[in-house]
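Chemist: Take this sequence and fold it.
(one chain, ligands or ions: 1)
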Amino acid sequence: MKVTALAGGVGGAKLADGLSRLDQSLDLTVIVNTGDDFSLFGLQICPDLDTVCYNLAGLENSQTGWGRNQESWVALKEIQSLDGPDWFQLGDKDLATHLERTRRLREGQTLSQITADFCSSWGIGAAVLPMSDDPRPTFVKTDRGVLPFQEYFVRQGCQPAVQGFIFQGAKESAPAPGVLKAIRDADLIVICPSNPWVSIDPILAVPGVRNELKGQQVLGVSPLIGGAAVKGPAAKMYREMGVEPSAAAVAEHYGQLLDGFIIDNQDLVLAEQISEVSGGVLQVYTEDILMKNREERIRLAGQVIDIGKDLVKEI
Ligand code: FO1
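Modeler: Residues are numbered from 1 along each chain as shown. Okay, here's the model as predicted:
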């Protein structure tokens, strides 16, 4: 079965990791948000790509979900002693990724080529594709002005109230090689439980992606449980954008893109409402969607594939 997952951030990386570790071997492609990418110390940092890759390689920091396991912080401490910028925590092993990626980008290689080579070095079997090789930075419109994504997210701790989002260069950007084909050829598309506003919407804004998804079977997994995000500011963003945060709000956010939607057992009462709003078109499933450890990632991934197979049969 060919499965293509759209992912960004820690929640998306966890489900992608579960999918990659299923016994039944899937032909898995993960298309990753690069709107969070930015430059620090002249290095190109791709947080979501790295989070997905580190998780798929089993190299992730299990406390934070991002960054490397068994990390050391020698460089960061030296930077601090020089009064340099320490608001974005780059560990020593993680720095090696950014150094080597930046060196190769400066040689003229593409982000997708570099990512493929890193995946091969890390023993990752799935194909991991950046959404685009073109820079496509996300900016957040807030009550404190328009902020580059990591300035909003990490430096200001998601404190500013969100008023909207800018996906700079979206219209001019091209999907990375293989992105549209991975969507077109997939038996099932999985929208991972990532932040819809800043992890999935940037992918959907890449020219051609929405159009390609239209003919496909798309199964989403809610990033919200009981109206709260498992991690990150998704619920706060919904509130500030004038929408009551809930799995129903996420289903509405994706609208007709979805054929199926998995919500948490806790949100069972919303299932009927979500289905009704879609005019009965959207199939809603309830599962335990919290992934507290690797076994739970694999368990949820198995449920996603079982539901996906049913969905594909029904349509
Ligand atoms: N998130 C933080 O909240 N604080 C950090 O210092 C931080 C450092 C960091 C370093 C490398 C990396 O790949 C990710 C890092 N993140 C950090 C996570 C990242 O900024 C966000 O999780 C994503 O951009 C949102 O998906």
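Chemist: interface residues of the stretch 201-315 of the chain facing the ligand?
Modeler: Listed as neighbours of the ligand in the stretch 201-315 of the chain under the rule C-beta under 6 Å from any ligand atom: no residues. For the C-beta atoms, the positions are set from N, CA and C on the backbone; glycine is no exception.
Chemist: And the residue of the stretch 201-315 of the chain found nearest the ligand, which helix or strand is it part of?
Modeler: With distances taken as C-beta to the nearest ligand atom, the stretch 201-315 of the chain approaches the ligand most closely at Gly232, which sits 6.6 Å away. Taking DSSP states H and E as the definition, one finds Gly232 inside no helix or strand.
Chemist: Next: Ile298.
Modeler: In the assignment (DSSP H and E), Ile298 maps to helix 294-314.
Chemist: How about residues contacting that helix?
Modeler: Contacts of helix 294-314 from elsewhere in the structure, counted by C-beta atoms under 8 Å, 6 or more residues apart in numbering, are 1, 3, 14-15, 17-19, 21-22, 24, 26, 187-188, 190, 217, 219, 221, 259-260, 262, 283, 285, 287-291.
Chemist: Go again with 6 Å.
Modeler: Applying C-beta atoms under 6 Å, 6 or more residues apart in numbering, the external contacts of helix 294-314 come out as 14, 17-19, 21-22, 188, 190, 217, 219, 259-260, 285, 287, 291.
Chemist: circling back to that earlier point, show me what contacts the residue of the stretch 201-315 of the chain closest to the ligand?
Modeler: Taking C-beta under 6 Å, 6+ apart as the test, what Gly232 contacts is Asn195.
Chemist: For the stretch 1-150 of the chain, what lies in contact range of the ligand?
Modeler: Where proximity means C-beta under 6 Å from any ligand atom, the interface of the stretch 1-150 of the chain facing the ligand comprises 8-9, 36, 47-48, 50-51, 66-67, 88-90, 94, 150.
Chemist: from the chain's centre, how far out does the helix holding Ile298 sit?
Modeler: The offset between the C-alpha centroid of helix 294-314 and the centroid of the whole chain comes to 18 Å, using C-alpha atoms, centre = their mean, to the nearest Å.
Chemist: and if you look at stretch 76-93?
Modeler: Averaging C-alpha coordinates over stretch 76-93 and over its chain gives two centres that are 26 Å apart (C-alpha atoms, centre = their mean).
Chemist: coming back round to it: pick out the lowest-pLDDT one from the residues of the stretch 1-150 of the chain next to the ligand.
Modeler: Sorting those by pLDDT puts Gly9 at the bottom of the list (92).
Chemist: Ramachandran angles for it?
Modeler: Main-chain dihedrals, Gly9, degrees, to the nearest 10: phi 80, psi -170.
Chemist: Check the spacing between it and Pro223 real quick.
Modeler: Relative to Pro223, Gly9 is positioned 9 Å away (criterion: C-beta to C-beta, to the nearest Å).
Chemist: try Asn195
Modeler: As defined by C-beta to C-beta, Asn195 lies at a distance of 6 Å from Pro223.
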